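> A structural model of the following input is requested.
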Amino acid sequence: MSTNEPQHPNSVNRFLIMGPPGVGKGTQAERLAKHFSIPTISTGSLFREHVRNGTPLGLEIRELLAMGRYVSDEITNTVVAERLTQPDAEQGFILDGYPRTLAQVDALDAILAQRSAELDAVIVLEADHDQLIERILLRAVEQDRSDDTPEVVAHRLGVYSRETAQLISAYDARGLVVRVDGTGLPHVVADRITEALRAL
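Numbers count the residues shown, from 1 in each chain. Predicted structure coming up:
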């Protein structure tokens, strides 16, 4: 983020960040978190934390994953709701990887309504399809990930597009969606996000 961007320590910033594989969503979520002094909340990280700590939910999640099944909406919503009650999320948060379904959108609305809160923006990072494939394949070579073939990558991008289309439309109808070009150097993309949020 630009260093001359004014800080507002007493403001509340509640964001979702969405974007296809390879667009740099994780990097931008970290930058936003640092800029606004708010936590990034990832369902994947929450699941791993519960499993690592051996909580009742963690044991259930471990069993589901061991059977190759998805973690249910009910468990996911419970884990997120619990995380949002923690003190560091009082001044805002960045949700990464949640919600993934329209049912989860409704659940998040209910979770926030209980706290008389609502989302401020849904940041959608975008990039050219071919460029994304090129990025992911390059990363696969650098990280020696032979499972990331062009066919697998194209499939993952297709799944993302199908899964998120309805979510983006739902939030777009509320005027919350901020579309940002995710190509270029990380600090350039970060500045684009800042400008888009200011305009919103």
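> Which helix or strand lies directly C-terminal to the helix or strand bottoming out on mean pLDDT in the chain?
For the chain, counting by mean pLDDT, DSSP states H and E, helix 129-142 ranks last in confidence among helices and strands (a mean of 88). Next in sequence after helix 129-142, counting helices and strands by DSSP states H and E, comes helix 150-172.
> Kindly calculate the angle that that following helix makes with helix 129-142.
Going by axes from the mean of the first three to the mean of the last three CA atoms, to 10 degrees, helix 150-172 is angled at 130 degrees with respect to helix 129-142.
> Kindly spell out which helices and strands sit in contact with helix 150-172.
Counting by 3 or more CB pairs under 8 Å, 6 or more residues apart in numbering; DSSP states H and E, the packing neighbours recorded for helix 150-172 are strand 13-18, helix 102-113, strand 121-126, helix 129-142. All C-beta spots, glycine's among them, are computed from the backbone N, C-alpha and C.
> Please enumerate residues in contact with that helix?
With contacts defined as CB atoms under 8 Å, 6 or more residues apart in numbering, helix 150-172 is touched by 16, 18, 20-22, 99-102, 105, 119, 122, 124, 129, 132-133, 136-137, 177.
> quick one: residue 119 is in a strand?
No. Using DSSP: H, G, I helix; E, B strand; the rest coil, the assignment for residue 119 is coil, not a strand.
> Tell me which residues touch it, please.
Residue 119 is in contact with 14-16, 108, 112, 171, 176, counting by CB under 8 Å, 6+ apart.
> And it, how far from residue 87?
Using CB to CB, to the nearest Å, residue 119 is found at 20 Å from residue 87.
> Can you pull out the low-pLDDT segments for this structure?
Low-confidence segments of the chain, defined by pLDDT under 70: 1-11.
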